[in-house]
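**Q** any chance you could fold what I've pasted below:
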Amino acid sequence: MKKTTRRKYTDEFKDEAVKLVTEQGYKITEAARNLDIHDSLLRRWIKDRSPEVKKKSHETGKLQAELKRVKRENERLRMEREILKKAAAFFAKESA
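**A** Below is the predicted model of the structure:
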């Protein structure tokens with residue numbers, strides 16, 4: 001059986017391929033065919049180099065951290081509320 005090797009592409013090649021689609025108006029399938037690469041590969045390069053994707057991934061990380069912090073705070077507040085309920089019940093019994 002013949003072993004195939006993966007082709008490696010330089011960052012410059014990837015950038016130029018992405019520019020064909022984003023700046024020069026080529027369709028992804030057309031640009032991929034002309035460059036002799038698979039269109040899914042070109043789509044991934046476009047996605048990876050998109051500034052919106054980088055910004056969204058950064059924002060997503062921030063949101064995940066904020067969500068984690070809020071969940072911890074929420075749990076702490078629930079415990080404090082339960083403690084206060086028990087204390088109020090305890091003192092209500094003593095005064096009665």
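**Q** pLDDT weak spots in this protein?
**A** 1, 52-58, 96 (pLDDT under 70).
**Q** what segments of it are strands?
**A** Using DSSP state E, the chain contains no strands.
**Q** which parts of the chain belong to which domain?
**A** 9-49, 55-96 (automatic domain parsing).
**Q** what about residue 67, distance to residue 74?
**A** 10 Å (CB to CB, to the nearest Å). C-beta coordinates here come from the backbone N, C-alpha and C atoms, glycine included.
**Q** should've said residue 37
**A** Counting by CB to CB, the gap from residue 37 to residue 74 is 48 Å.
**Q** likewise for residue 90?
**A** Residue 90 is 25 Å from residue 74, by CB to CB.
**Q** and residue 88, by the same measure?
**A** Applying CB to CB to residue 88 and residue 74 gives a distance of 21 Å.
**Q** pull the CA atoms of stretch 72-90 into PDB?
**A** C-alpha atoms of stretch 72-90 as PDB (Å, rounded to 0.1, in the frame of the first residue of the first chain):
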ATOM      1  CA  ARG A  72     -19.700  30.700  42.400                       C
ATOM      2  CA  GLU A  73     -21.100  33.900  43.800                       C
ATOM      3  CA  ASN A  74     -24.600  32.600  43.400                       C
ATOM      4  CA  GLU A  75     -23.800  29.400  45.300                       C
ATOM      5  CA  ARG A  76     -22.200  31.400  48.100                       C
ATOM      6  CA  LEU A  77     -25.300  33.700  48.300                       C
ATOM      7  CA  ARG A  78     -27.600  30.600  48.500                       C
ATOM      8  CA  MET A  79     -25.600  29.200  51.400                       C
ATOM      9  CA  GLU A  80     -25.700  32.500  53.200                       C
ATOM     10  CA  ARG A  81     -29.500  32.700  52.700                       C
ATOM     11  CA  GLU A  82     -29.900  29.200  54.100                       C
ATOM     12  CA  ILE A  83     -27.800  30.100  57.100                       C
ATOM     13  CA  LEU A  84     -29.800  33.200  57.800                       C
ATOM     14  CA  LYS A  85     -33.100  31.300  57.500                       C
ATOM     15  CA  LYS A  86     -31.800  28.800  60.100                       C
ATOM     16  CA  ALA A  87     -30.600  31.600  62.400                       C
ATOM     17  CA  ALA A  88     -33.900  33.400  62.100                       C
ATOM     18  CA  ALA A  89     -35.800  30.200  63.000                       C
ATOM     19  CA  PHE A  90     -33.400  29.500  65.900                       C
END
